[in-house]
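Colleague: How does the following fold in three dimensions:
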Amino acid sequence: MAATGRGDLLPGTLEMLILVTLRREPLHGYAIAQRIQQNSGDLLHVEEGSLYPALQRMLIEGWVSAEWGMSPRNRRARIYTLTPAGRKQLSRETRRVGRLIDGIVRLLRPSEA
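Modeller: Here you go, the predicted structure:
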């Protein structure tokens, strides 16, 4: 996964973005990548080479489940669904990223001297 012109994001960020995306509805892999790109205002692009290994890791962890179904274009696709364990992980990751953002904001503030 890359931010346009920026490089890789922090470890665990891709998994968090996938969990956030699946929070609303089950989706197939390509739709997950599209939603992340659309919802980030075209700033984040998820490459297939990053997305599918992340989804596989998340299946092993039990954060998502998957079933074969049909895409909106009537193609056979693996549909991913957020599990209760995935909701808990999303909560943990949201707190972790929130703390990280707070730290970055503190560093960016002008010092009060």
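Colleague: Nearest to the middle of this protein, which residue? Look it up for me.
Modeller: L17 (1.9 Å; Cα atoms, centre = their mean).
Colleague: Can you tell me how far that one is from S40?
Modeller: Using Cβ to Cβ, to the nearest Å, L17 is found at 8 Å from S40. For the C-beta atoms, the positions are set from N, CA and C on the backbone; glycine is no exception.
Colleague: who does the longest helix along the chain touch, helix- and strand-wise?
Modeller: For the chain, the longest helix by residue count, based on DSSP state H, is helix 84-108. Under the contact definition 3 or more Cβ pairs under 8 Å, 6 or more residues apart in numbering; DSSP states H and E, helix 84-108 sits against helix 13-22, helix 48-61.
Colleague: how about the ones you listed, which one is nearest L100?
Modeller: Nearest of the helices and strands packed on helix 84-108 to L100, taken as Cβ to Cβ: helix 13-22 at 9.6 Å.
Colleague: quick one: buried residues of that closest one?
Modeller: In terms of neighbour count (16 or more other Cβ atoms under 10 Å), helix 13-22 has its buried residues at T13, L14, E15, M16, L17, I18, L19, V20, T21, L22.
Colleague: chain center to whichever helix or strand comes after that helix, what's the gap?
Modeller: Sequence-wise, the next helix or strand downstream of helix 13-22 (DSSP states H and E) is strand 27-28. In this view, strand 27-28 has its centroid 13 Å away from the chain centroid, taken as Cα atoms, centre = their mean, to the nearest Å.
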